[in-house]
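Asker: Turn this into a structure:
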Amino acid sequence: MTEAEDPESDPRWDAVRAAARRRVPTPPGLVERVLRAVARGRRTAVEVPGESGRLRVTEGVVDRLARTIAADRAPFGVRISAVAVEDGVVQVLVSVRFGLIAGAAAEALRREISAGLSRQLGVASVVNVHVVDVHPG
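Answerer: Okay, here's the model as predicted:
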């Protein structure tokens, strides 16, 4: 094919055009799952009182703050696996290094996240840290 030729005139494009004309069915339940995820991301997790009224902070914002705090403040040997906000409660899943006292490491991280959210939002947040795995040093 020369530079002057239109690449779409190449006969190999016929298969692409045929595929583009076929309707692709939406997987069952996909639309409902997406709508639930969008609605969940906009739910109010925290109301912060202020001089001019209340500020409503969504679960998505609390989730992002908690992730950032967890990543920055996790004790040595603690890896963050997941962070989510469910019904206003921050849930954190972690893996701890073999040899650490898992309960103490989880509690230290819980305190750090809780204090960080309190500093950022001006209100206390419920934080649960769950040890779900142990990794080698």
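Asker: For residue 130, list each beta-bridge partner.
Answerer: As for beta bridges, residue 130 partners with residue 93 under DSSP bridges.
Asker: That one reaches residue 91, doesn't it?
Answerer: Yes: between residue 130 and residue 91 there is a contact under CB atoms under 8 Å: 7.0 Å. Yep, even glycine has a C-beta here, placed from its N, CA and C like the rest.
Asker: which of these two has more neighbours?
Answerer: Applying other CB atoms under 10 Å to residue 130 and residue 91 shows that residue 91 carries more neighbours, namely 17 against 12.
Asker: List of residues touching the host helix or strand of that one?
Answerer: Assigned by DSSP states H and E, residue 91 belongs to strand 89-97. For strand 89-97, the surrounding residues in contact (CB atoms under 8 Å, 6 or more residues apart in numbering) are 62-63, 66, 70, 74, 76-85, 102, 105-106, 109-110, 113, 117, 125-137.
Asker: those helices in the chain, which residues are they?
Answerer: Secondary structure of the chain, counting by DSSP state H: helices at 13-21, 30-41, 59-73, 102-121.
Asker: okay if I get these as a markdown table plus mean neighbour count and mean pLDDT?
Answerer: Putting those into a markdown table (neighbours: other CB atoms under 10 Å; pLDDT from 0 to 100) gives the following:
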| stretch | mean neighbour count | mean pLDDT |
| --- | --- | --- |
| helix 13-21 | 9 | 78 |
| helix 30-41 | 10 | 70 |
| helix 59-73 | 18 | 91 |
| helix 102-121 | 17 | 94 |
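Asker: nearest to residue 49, of those helices?
Answerer: Within the helices of the chain, the stretch nearest residue 49 is helix 102-121; the backing value is 10.7 Å (CB to CB).
Asker: for that closest one, packing partners?
Answerer: Using 3 or more CB pairs under 8 Å, 6 or more residues apart in numbering; DSSP states H and E as the contact criterion, the elements in contact with helix 102-121 are helix 59-73, strand 78-86, strand 89-97, strand 126-135.
Asker: Cool, thanks, signing off.
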